[in-house]
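> Dropping a prediction and its sequence here:
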Amino acid sequence: KAGVTQTPRYLIKTRGQQVTLSCSPISGHRSVSWYQQTPGQGLQFLFEYFSETQRNKGNFPGRFSGRQFSNSRSEMNVSTLELGDSALYLCASSGQTTGTGANVLTFGAGSRLTVL
Amino acid sequence: QKEVEQDPGPLSVPEGAIVSLNCTYSNSAFQYFMWYRQYSRKGPELLMYTYSSGNKEDGRFTAQVDKSSKYISLFIRDSQPSDSATYLCAMRTQNQGGKLIFGQGTELSVKP
């Protein structure tokens, strides 16, 4: 069974640009969550999508957005990039259908974004 | 103050040692507790998963949750160089779906 696939793995952007990251969840998983990982703040939750609807949202500015497609693939977008957006962006999928109870997340390898 | 506190280390131990990793938390609503392991340039992988208080053992790994003290632990017995990684505790409430709150992570190095 293929794991969670994230593309691209590495990318470099300049301040003010925008970026789109892609995530393909494990086959059959309908929940996709996104996290930002930095040395200073650690892993922080961005948002979660389930059946094309945002189910949870973290405390990030509106420059961070996401969406999910009918095949459960998800994208996240960061507009007007800032130096502080340099991070590893991780996607995780879950086979849980409700937002309650046990919900085991399987993470991808991440997309490492560098903003110059 | 962060909801979940974890000593970032680094922690260095000799091969074969028992390793103890800990996290404290402030939100009494947390019900699900996890430990993830993250190797360099990889995503976190789930090691242990516990619901509410108690102990859980899986091979060389034991997870403990003490909700009365808001304290969780991961013990690694007979540590191996291949255990060298960053260990992250994570937790969530009953109905937060994919929203996990992570500790900062502890960097562990097991020396041969």
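That came through fine.
> can you pull the contacts of B:T24?
B:T24 is in contact with B:V4, B:E5, B:K70, B:Y71, counting by CB atoms under 8 Å, 6 or more residues apart in numbering or on different chains. Bear in mind the C-beta positions are built from the backbone N, C-alpha and C, glycine included.
> Quick check: closest non-adjacent residue to it.
Closest residue to B:T24 apart from its sequence neighbours, by CB to CB, 6 or more residues apart in numbering or on different chains: B:E5 at 4.9 Å.
> What's opposite residue 111 in the beta bridge?
I'll assume chain A. Here A:S111 sits in beta bridges with A:Y89, as judged by DSSP bridges.
> Chain B, not that one
As for beta bridges, B:K111 partners with B:P14 under DSSP bridges.
> do the same with A:V115
Assessed by DSSP bridges, A:V115 has beta-bridge partners A:K13.
> contacting residues around residue 91?
No chain was given, so I picked chain A. A:C91 makes contacts with A:4, A:6, A:21, A:23, A:25, A:32-35, A:74, A:76, A:107-108, A:110, as judged by CB under 8 Å, 6+ apart.
> hm, I was asking about chain B
Residues near B:M91 by CB under 8 Å, 6+ apart: B:V4, B:C23, B:Y25, B:N27, B:F30, B:Y32, B:F33, B:M34, B:I72, B:L100, B:I101.
> so which of those residues is the most crowded?
B:I72 (28 neighbours; other CB atoms under 10 Å in any protein chain shown).
> wait, that one sits on B:V65?
Yes. Between B:I72 and B:V65 there is a contact under CB atoms under 8 Å: 4.9 Å.
> Tell me the residues that contact both of the two, please.
What both B:I72 and B:V65 touch, as defined by CB under 8 Å, 6+ apart, is the set B:F33, B:T50.
> helices or strands up against the helix or strand bottoming out on mean pLDDT in chain A?
Counting by mean pLDDT, DSSP states H and E, chain A has its least confident helix or strand at strand A:53-57, which shows a mean of 93. In this structure, strand A:53-57 packs against strand A:42-50, with contacts taken as 3 or more CB pairs under 8 Å, 6 or more residues apart in numbering or on different chains; DSSP states H and E.
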